[in-house]
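Visitor: Mind folding the following:
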Amino acid sequence: MKRLLRHFFPKKPTFQVDHPSPLSRDEHDLSYIHALPPEVLQEIFYEETSRFTSYQIVNYYRSLFSIRSVCKYWKEVVDTTPRLWTGITSSLNQNILAMALQKSSTHPLYVEHAGYPDGNDAKLKLFLAPSAERWDRLGYRWTYDSNPRHEVLSLPLRSLRYLKINGTYGASHNFPLDAPVLDSLAIHSFSLDWTSLSGLRFLRIVETPGPSTAELLSILKASPQLQYLMLRETRPVYPNPDFLPSVVYLPQLKDLSMISLPILPLSYILDQIEAPGLQRLVCKEDGSYTGDLALAIRSAGRHIGACIPPQEEIPVELWVCFQREMFRFAIGGRVVDYWGTGWNPFTEGRRLAHFAAFVERIDHNLCQEVQVLALEGEPYHEGAKLLHILHRRFPQIEELLVKDVGDAGFDSGEICEQLSSPGLSEGAGEWLFPNLTSLGFDASVELAYERILSLIEIRKGEEQTKTITQLNVTGGTINPKMEQTLRNSVEVLDITGVRIVEED
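Guide: Numbers count the residues shown, from 1 in each chain. Below you'll find the model as predicted:
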């Protein structure tokens, strides 16, 4: 509160009086507050109380009534500001509930209702239901083990835009929602009449048996403006092979997450969605499928392949990060995080095979546009093979940056060895990344400088490759003699945070 007052009164004014009264500091503050117009006080009160959000409405009113009790002027301002009274919950006592509904006037309401068998349903019928057409946001919780009618969801919610439901496994409401302008839906352990949903912009379904794959695609088709979609630990039924609906076009979809889904429906759903504006895709298999484990990952690769490269004179950059059970792939403004099944150091080759299946689905024209490659993470001695996979799909790389060079990360010597000879690449006489002119390492240990120097010198005299003219190194150590030798071998040597260590 005092911070806000200082914002409106950065410096206290001085008054010339003949006989100043001995006011305390708090009394001085109140005298200035009383000079504030109601509109300013309304903003201050709203700022002070607005930090109480979802499932904290009771605390919100404790704060509001504290402000209201300061003085008659503040009470009048609070009581005549409807937006301060728009949070409603069945956990409030009946007097405050009635007061809030009356003082909120005709403003849209944010409503919380907990479906416990403790009298809340009586409050729902007596106080909340008559205002249902004013509800803008509804948070509904049900943790009781029975299967009631969920009367709150049967009300005419004709102004409702946002609905959040937290239930228990098996809880359901099998009647159509009367919510024609609903555009945001978040559900946890609760089933709805999925066929009644349409026009959504935000959809999150967590730990819920449905919807089936066909029902989900029906929702998506009826929601062409969808921007966010998450399914986590759901069990959508894989459709009959004869069920082949048309592709769902979602031009506004920016964020798509499919977490802990069975591989078959995961792959099928990804294949049915066309999302040209997608920016982030998160996929995680549930590990229960024993067939073709690359099914879903190929479907994920198709999405990143739909990306349109930027039109400006900025090189398209590809970033690949390998971790124990996932990889992150970013290109042309899109990011894919993929958690696979059985990826660990003991399943040699599986992660790389799945990664190869992923990049094979990327559009060929986009692959030709990529000029910058950044590698990061823990390749588990698969760095050399990873280079070959990337070279086959992205042959126009001009700049290579390798991060996390260290014990668990990439090996600078191994990378340089792969780049130093066509005989080690797949394909007779073919060099990896022949257009490479810039090389960078972000290291926590001393690099294999002898191999780096050898690579630079080899490519200088090779007709089938360009010359490496720039070397960037961050971290690690180097001896002064090697530093000077490298400076003589490239046009630009940039070493940042590298300790110069004399040889023993």
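
Visitor: rest of the way, CA atoms for contacts and neighbours
Guide: Noted.

Visitor: The stretch 351-500 of the chain: helices as residue ranges?
Guide: 364-369, 383-393, 412-419, 449-460, 480-489 (DSSP state H, counting those that start in this stretch).

Visitor: now for the ones you listed, which one comes closest to Y338?
Guide: helix 383-393 (16.3 Å; Cα to Cα).

Visitor: Kindly reformat the helices of the stretch 351-500 of the chain as TSV containing mean pLDDT, distance to A98 and mean neighbour count.
Guide: Formatted as TSV, the helices of the stretch 351-500 of the chain follow (pLDDT from 0 to 100; distance: least, Cα to Cα, whole Å; neighbours: other Cα atoms under 10 Å):
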stretch	mean pLDDT	distance to A98	mean neighbour count
helix 364-369	86	61	17
helix 383-393	89	65	18
helix 412-419	88	71	19
helix 449-460	92	76	17
helix 480-489	91	78	14
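
Visitor: dump the residue contacts of T469.
Guide: 437-438, 490-492 (Cα atoms under 8 Å, 6 or more residues apart in numbering).

Visitor: Between the residues you listed, which sits nearest W194?
Guide: S438 (53.6 Å).

Visitor: what about that closest one, how many residues close to it?
Guide: 19 (other Cα atoms under 10 Å).

Visitor: got a list of what it touches?
Guide: 398-400, 468-472.

Visitor: do that again at 7 Å, thanks
Guide: 398-400, 468-471 (Cα atoms under 7 Å, 6 or more residues apart in numbering).

Visitor: In strands, which of the residues you listed fall?
Guide: In strands, judged by DSSP state E, the following of those are found: 399-400, 470-471.

Visitor: so which of the contacts of S438 comes closest to L192?
Guide: Using Cα to Cα, those come closest to L192 at L400, 50.2 Å.

Visitor: so that closest one makes contact with Q371?
Guide: No - contact between L400 and Q371 fails when scored by Cα atoms under 7 Å: they sit 8.7 Å apart.

Visitor: Tell me the predicted confidence for E317.
Guide: E317 carries a pLDDT score of 89 in this model.

Visitor: quick check: angle from the host helix or strand of it to helix 383-393?
Guide: In this assignment (DSSP states H and E), E317 forms part of strand 316-322. Angle, strand 316-322 to helix 383-393, by axes from the mean of the first three to the mean of the last three Cα atoms, to 10 degrees: 150 degrees.

Visitor: Contacts made by strand 316-322 with the rest, please.
Guide: 309, 327-332, 369-379.

Visitor: Report the backbone C-alpha coordinates of it in PDB.
Guide: Output of strand 316-322 as PDB, limited to C-alpha atoms (Å, rounded to 0.1, in the frame of the first residue of the first chain):
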ATOM      1  CA  VAL A 316      18.300 -20.300 -40.300                       C
ATOM      2  CA  GLU A 317      19.700 -21.900 -37.100                       C
ATOM      3  CA  LEU A 318      19.300 -25.500 -36.000                       C
ATOM      4  CA  TRP A 319      19.800 -26.400 -32.300                       C
ATOM      5  CA  VAL A 320      19.900 -30.000 -31.100                       C
ATOM      6  CA  CYS A 321      20.200 -30.900 -27.400                       C
ATOM      7  CA  PHE A 322      20.500 -34.500 -26.300                       C
END
